[in-house]
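sequence first, predicted model second:
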Amino acid sequence: MTASVITVPAFGSRHDGVRHFFGTRHHAPVAYETGVPASSAGADGRAWLLSVKQVHGTEALIVDRPLTRADRFEGGWDALITNQPGVTVVVRTADCVPVLVYDRRRKAVAAIHAGWRGALAGIVPKTIQAMVSRFAIQVCDLRMSIGPSAGPCCYEVDQAVLEPLRRGWHDWPALLHDDRGAKARLDLKALVRRQSVEAGIPPERITVVNVCTICHPALFYSYRREGRVNGTMLSGIALVSRR
């Protein structure tokens, strides 16, 4: 059977007060419009799905109040953070890295879209800091799961990526495979993981889904493989609503 979503048992379950998923090309979520909360629980509106316009930046949208049908989020963000039960925050990817974060103690979650631009600009540590600042979270309490993305087996990059990587990251050789100077294959998941550990998340609290979106066409869309956007995968996380 072809999987529609991927979950990580060690990362979180309803018993932990959180649900999460990394979608595949076979995942058919509730219909939604970016920037507009979509009800995923019928007319009562007790559960919501929220996806926003992504701009390959480092800004996070923080949702710290109940959503309504009238809400509109018209800006651009590449991370969403919430402490509201029943709100599934979602990012869309097709080779970029989806990152899900949660804190069981303070009850907050985040979904992050980390392409190479956002990763090199520090979207993941900046989102972690935003969670700490807004919800008084201790970084050591955070858990993270890094989802399917373009892998070092396939993800070749050129000077546009390599130059800022070499200039701004102290341990850049460990992130590259088949380095030929002007081109190399980048391990973007490893960059995100190292940034997260440096930000203070214990390594044992980070899980990685080591599956490449480029070399699994039956399971994932891939902008790099297909040369255009034929579709995107959704990845999301929510605090379980307590009724």
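Structure's in. What do you need?

got the contact list for the residue nearest to residue 225 when sequence neighbours are not counted?
Across the structure, with Cβ to Cβ, 6 or more residues apart in numbering as the measure, the residue nearest residue 225 apart from its sequence neighbours is residue 214 (4.8 Å). Quick note: C-beta positions are derived from backbone N, CA and C, even for glycine. Applying Cβ atoms under 8 Å, 6 or more residues apart in numbering to residue 214 gives the contacts 95, 150, 151, 153, 154, 155, 222, 224, 225.

can you verify residue 214 is assigned to a strand?
No - if the criterion is DSSP: H, G, I helix; E, B strand; the rest coil, then residue 214 is coil and not within a strand.

separation between it and residue 152?
The span separating residue 214 from residue 152 equals 10 Å under the rule Cβ to Cβ, to the nearest Å.

any stretches of the protein with poor pLDDT?
Counting by pLDDT under 70, the chain contains low-confidence ranges at 1-2, 41-45, 242-243.

please repeat the previous calculation with a cut-off of 50.
1, 43-44 (pLDDT under 50).

residue 169 against residue 188, yeah?
No - using Cβ atoms under 8 Å, residue 169 makes no contact with residue 188, being 11.9 Å away.

neighbour count: those two, which is higher?
More neighbours surround residue 188 than the other of residue 169 and residue 188, with 24 against 16 (other Cβ atoms under 10 Å).

can you map out the helices along the chain?
Assignment of helices within the chain using DSSP state H yields the ranges 116-120, 123-135, 159-168, 188-199, 223-226.

nearest to residue 72, of the ones you listed?
When the helices of the chain are compared for distance to residue 72 using Cβ to Cβ, the nearest one is helix 123-135, at 21.3 Å.

so the closest one versus helix 188-199, what angle?
Note on geometry: by axes from the mean of the first three to the mean of the last three Cα atoms, to 10 degrees, helix 123-135 and helix 188-199 are set 40 degrees apart in direction.

CA atoms of helix 123-135 as PDB?
Taking Å, rounded to 0.1, in the frame of the first residue of the first chain, the C-alpha atoms of helix 123-135 are listed here in PDB:
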ATOM      1  CA  ILE A 123      14.800  30.400   9.700                       C
ATOM      2  CA  VAL A 124      15.000  27.400  12.000                       C
ATOM      3  CA  PRO A 125      17.000  29.000  14.900                       C
ATOM      4  CA  LYS A 126      14.900  32.200  14.400                       C
ATOM      5  CA  THR A 127      11.700  30.200  14.800                       C
ATOM      6  CA  ILE A 128      13.000  28.500  17.800                       C
ATOM      7  CA  GLN A 129      13.900  31.800  19.400                       C
ATOM      8  CA  ALA A 130      10.400  33.200  18.500                       C
ATOM      9  CA  MET A 131       8.900  30.300  20.400                       C
ATOM     10  CA  VAL A 132      11.100  30.900  23.400                       C
ATOM     11  CA  SER A 133      10.300  34.700  23.400                       C
ATOM     12  CA  ARG A 134       6.600  34.400  23.000                       C
ATOM     13  CA  PHE A 135       5.800  31.300  25.100                       C
END
